[in-house]
Structures are given as structure tokens and as C-alpha cells.
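Engineer: Make a model of this:
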Amino acid sequence: CNRDSDTVGGSVTAYLDSLGGEKQERRKREAWNAAKSYWATLRPNVVDEGVSLGYPRWRKRAANTVRQELSLIRTALNWAVTNKHLDKAPKITLPAMPETSVGHLTKAQFRQFLEGCGSPHVELFAMLGVTTGGRKSAILQAMWDQVDFGRGLLDLNPKGRTQNSKHRATVPLNDLILAKLREAKQAALTDYVIEHHGAPLKDIKRGFAAASKRSGIPCHPHMLRHSAAVWMAEDRVPMAEIASFLGHRDIGVTTQVYARFHPHYLRQAANSLTW
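Structural biologist: Got it, this is the predicted structure:
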């Protein structure tokens, strides 16, 4: 058959509709929603390497994100061939993965950074960052009804928010951060955990810049999430637990980024290379 007149969008939509509620369907639909403005009206017979490599420049997102979206399109087009909707699937070229760097603080650096936090809300945010591994937006949006003091838990996903690719976990709170949260709750003027002058914050970059300058420790909010993961890996926490703590749906991502910080990383393999 000759169906080159079909669009990429038609093939992807048909593929998604065929999934029937499988576990990864929502994630795949989210990826397609992000990609379809570029891909939907293209005919498969005009897709070449240039079209594929033009997508990352158009999308302007991290390589991991772009690769996931392009992988979906490649899978959908291959499915269309298998189901005889297309004669031949075009080659979808994925961008190379960049070298992974993990900007994080040591525990000593974090203690020094805390000394430079001139405001209680910046200090509390920093402490929550390393004890929950939460993203900046999750912590800034956290409200007191998400904190379960009795069970020592924080649900980083507020009521009414639908989980998406940036999955937000429910994490246990250790005694150190629980004590700080109890102090903050007694002084709270709003329903938000992080507040300043009686109002929630949209961002905390200014406070972090000031703390970095005073402490001499350069730090941005996302470094706290990396630091939490690195500290857990250094303390021999299994990768599966770290993945759950960070809300990673794919443990492969966790392992790729953080496994090398585990003291026993590849040690058994290295010890076998003797003669």
C-alpha cells in the first residue's frame, strides 16, 4: 500500500489510541502534546535527518526530554508500518546525550551556605530542598495541609494537581526538618510553608543569590535536589529508593546520574579484573 500522504500526526494519534490505557499512555500523550505543533502536519515521506535534528532547536528543552518525545514518534511510525498504515517509516534521529554533570553541595558546603541565609524563609527552603529532594516549584507551592506531622510525611503533590512527567513524590521527613517545620508552622501567617512578609513566593532566586554571596558558596535551588540524591548515594541508599524519593519513574535515569556517587559503584566489577 502507499500511504505516504498520511501525516505523522495521524500515525501518532492512531498509535496512542491503540494503547488502551497501558501504564505509560499518559506520559506518552504528554510527550505528544509537546511535540505535535512541530510534527503533526508533516508527511512521513518528507521526514529526514534534517527534520529530526531541527526539532531540538525548535523545542529548546533538555536532551532527555527531546529524546523521549522523538522516541515516541519513532515508535508510533514503526507501529504504523507494522499495522500496514505506512509502507516505510522514516528514520528519526535522536540528539546525542550530553555529558552528565551534577552540580551539588557537600554537607560541609551546605552548612556554610545556611550561615549565609539571612532570612528564615530562605533557610527553610534550603533545608526542605536537601531533606525532600523536591523541585523548586514543588517546595514553593507546598501548603501546610500537605504536611502530615503525625506520620512525618510531606506530599509534594498538592490537591488538585494532576501528576505529569515531573512526578512529585510523598517523602518521609526526618527529625531535623520536622522540628524546623513545627517552628515555622507556629509562626505561619499564610497556608504556604514558604512565605515572606505574610505572602507566598513565586521565586526564591534573589534570596539564594544573596545567601551565595554572603556564604561564599555558589548555589541555585536545583542544586539542593542534586545534593539530596548524591548524599543518599554516598550513604549507600539503593538506587531504587533514591528514584522513589525523587519521583523518578525510570530508575535508569537515577542510575545514570547518581550511581557513580555510591562508594561501591562498579567496585565488584573492578575487583574481578585481577590476574
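
Engineer: list the contacts for the spatially most central residue of the chain?
Structural biologist: For the chain, the residue nearest the mean C-alpha position is K166 (5.0 Å; C-alpha atoms, centre = their mean). Listed by C-beta atoms under 8 Å, 6 or more residues apart in numbering, the contact set of K166 reads R135, G247. Just so you know, the C-beta spots here come from the backbone N, C-alpha and C atoms, and that holds for glycine as well.

Engineer: Please renumber the chain so that the first residue is 52 from this point on.
Structural biologist: That works, and once the first residue is 52, the last one we named lands at K217.

Engineer: quick check, it in a helix?
Structural biologist: No. If the criterion is DSSP: H, G, I helix; E, B strand; the rest coil, then K217 is coil and not within a helix.

Engineer: So it versus R287, what's the distance?
Structural biologist: Separation of K217 from R287 (C-beta to C-beta, to the nearest Å): 27 Å.

Engineer: likewise A189?
Structural biologist: From A189 to R287 the distance is 26 Å (C-beta to C-beta).

Engineer: The two - which one has more neighbours?
Structural biologist: A189 (24 against 9; other C-beta atoms under 10 Å).

Engineer: Can you tell me the closest non-neighbouring residue to the more buried one?
Structural biologist: L207 (4.4 Å; C-beta to C-beta, 6 or more residues apart in numbering).

Engineer: now do A284
Structural biologist: Closest to A284 by C-beta to C-beta, 6+ apart is F312, at 3.9 Å.

Engineer: Give me the phi and psi for that neighbour.
Structural biologist: Main-chain torsions, F312, degrees, to the nearest 10: phi -90, psi -10.

Engineer: okay, it: pLDDT?
Structural biologist: The model reports F312 with a pLDDT of 92.

Engineer: number of nearby residues for it?
Structural biologist: 18.

Engineer: tell me the contacts of it?
Structural biologist: Taking C-beta under 8 Å, 6+ apart, one finds V153, A280, V281, A284, E285 in contact with F312.

Engineer: Report all helices and strands that the helix or strand hosting A177 contacts.
Structural biologist: Per DSSP states H and E: A177 is located in helix 171-183. Secondary-structure packing of helix 171-183 (3 or more C-beta pairs under 8 Å, 6 or more residues apart in numbering; DSSP states H and E): helix 158-166, helix 187-192, helix 226-238, helix 256-266, helix 272-285.
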